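Quick one, fold the following:
(one chain, ligands or ions: 1)
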Amino acid sequence: MSPAREAGDSFEGEQNLNVTSDILMKALSPASRARRILSPSDPGAYAPGFTLPSAPRTGSRDRLYRARRMCKRTLLVSLAFSVIAVLGSHSLSVNTTAVSQKQARRLFGLQLSRNATRLLMDVEKYYGRRVREELVETWDPGYRGEAEVISDGTPVIRLNSHTGRNETNIVHELFHLKFVAEGFPKRKWARYVGVSEDINQSLTHDLDSLLLDALVHSRFYPKMRAMGYDPDLWDRRDIKSMIGISMKDGSHKLVTKEVLIPVHFFKFYLESSDRALVAQLERWSVSNNLESALDVAKKLIGIVEQSKIDTPQQQLEVYIQCLDTLFKGSARFKVASWNSEKLGNIQQQVVTIHIVPPK
Ligand SMILES: [Zn+2]
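So this is what the prediction gives:
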């Protein structure tokens with residue numbers, strides 16, 4: 001499902017710009033939101049990985065998420081995606097709000113811990129509204145939740161009604177809302193003439209979901225662990241499943257887009273709490289003829305390790321550097337503008353990224 005097109009969403013006045021409607025990411029309106037339920041989502045609880053072969057799948061979701069499944073003799077391995085997040089410029093702190101036992105809140109029918117309640121109250125204080133809860137029946141099991149700020153400024157958390165209703169996922173999405181409040185931007189993209197049409201909206205969604213989200217997760221997963229959560233639990237399980245499978249005899253293969261293979265490694269490296277498992281994944285990659293993807297992943301990791309990624313601006317800068325490395329020789333990425341959009345009482349940051357031909 002493509003995000004709905006909205007009036008005024010064009011790049012009029014820009015020269016040499018191939019205004020491809022399929023690559024423009026729109027602000028979400030309440031009307032489009034309903035249609036967009038399967039578009040860029042949050043990762044969080046989303047495992048780069050696999051679902052059971054019998055997992056129900058939706059057509060729209062297939063574009064973003066390729067589940068592992070048995071197909072004749074080929075086991076299609078997939079890796080996951082993450083998502084969207086929104087953001088303003090206000091500093092929130094997990095520790096600012098005192099919470100008494102009586103104040104402990106419920107969300108999605110779950111009694112939240114004091115830490116989670118504190119985070120929830122801080123988020124709601126910023127937005128000036130209660131977080132809206134939405135359960136989604138139709139998502140793939142591996143897609144557990146997402147967060148969004150809708151056009152009237154209401155922060156929304158959506159959870160998979162089957163696999164997503166737990167406090168870890170709620171806290172994960174609250175952190176995304178917190179980051180939006182701190183200025184993490186929504187992305188819009190425009191592709192110039194001369195750039196391969198393979199770099200399309202589907203791919204930019206995936207890049208946001210895997211690469212950019214990994215940067216963001218690496219900022220708040222340590223905080224979640226300090227609060228007692230295990231944010232990468234499902235990712236570890238998925239990777240363990242994957243490395244138990246050999247692709248050497250040709251009976252299995254990765255179905256993710258080739259350019260994304262290094263990004264999956266990168267994401268797991270940044271997010272995993274199990275360094276021994278990261279090392280196992282590296283050995284598995286070498287033994288399954290994925291050294292070149294691993295080399296690219298190491299370059300991306302090197303960029304992150306030599307950079308600061310604390311602020312939204314730094315995160316975007318590192319994101320762009322990683323994209324330039326990933327698409328070296330085929331495209332370059334440039335931040336064309338930072339703007340803001342008013343959503344209710346808050347200003348949401350919006351960054352426009354131009355995809356231009358290589359030099
Ligand atoms: Zn996330």
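
Tell me where the stretch 51-200 of the chain has helices.
Shown for the stretch 51-200 of the chain, the helices assigned by DSSP state H, counting those that start in this stretch span residues 59-64, 114-127, 167-181.

Turn those helices into JSON lines, including distance to P357, mean neighbour count and mean pLDDT.
Where you see a C-beta, it was placed from the backbone N, CA and C, and this is true even at glycine. Output for these, formatted as JSON lines (distance: least, CB to CB, whole Å; neighbours: other CB atoms under 10 Å; pLDDT from 0 to 100):
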{"stretch": "helix 59-64", "distance to P357": "26", "mean neighbour count": "16", "mean pLDDT": "26"}
{"stretch": "helix 114-127", "distance to P357": "40", "mean neighbour count": "21", "mean pLDDT": "96"}
{"stretch": "helix 167-181", "distance to P357": "32", "mean neighbour count": "26", "mean pLDDT": "97"}
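
just so I know, which of those helices lies nearest the ion?
helix 167-181 (5.5 Å; CB to the ion).

the inter-axis angle of that closest one versus helix 114-127?
Helix 167-181 and helix 114-127 are oriented at 30 degrees to each other (axes from the mean of the first three to the mean of the last three CA atoms, to 10 degrees).

Going by contacts, tell me the helices and strands next to helix 167-181.
Secondary-structure packing of helix 167-181 (3 or more CB pairs under 8 Å, 6 or more residues apart in numbering; DSSP states H and E): helix 114-127, strand 145-149, strand 155-160, helix 213-226.

Low-confidence ranges, the stretch 51-200 of the chain, go.
Scanning the stretch 51-200 of the chain for pLDDT under 70 picks out 51-102.

Flag every residue of it that's near the ion.
Residues of the stretch 51-200 of the chain lying near the ion by CB under 5 Å from the ion: none.

can you tell which of the helices of the stretch 51-200 of the chain is closest to G329?
Nearest of these to G329, taken as CB to CB: helix 59-64 at 26.0 Å.

Need the helices of the stretch 51-200 of the chain in JSON lines (columns: distance to V296).
Output for these, formatted as JSON lines (distance: least, CB to CB, whole Å):
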{"stretch": "helix 59-64", "distance to V296": "22"}
{"stretch": "helix 114-127", "distance to V296": "35"}
{"stretch": "helix 167-181", "distance to V296": "27"}
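
Which single residue of the stretch 251-359 of the chain ends up nearest the ion?
Here the stretch 251-359 of the chain gets closest to the ion at one residue, E271, 9.4 Å apart by CB to the ion.

so what's that residue up against?
Neighbour list for E271: 214, 217-218, 221, 231-232, 235 [criterion: CB atoms under 8 Å, 6 or more residues apart in numbering].
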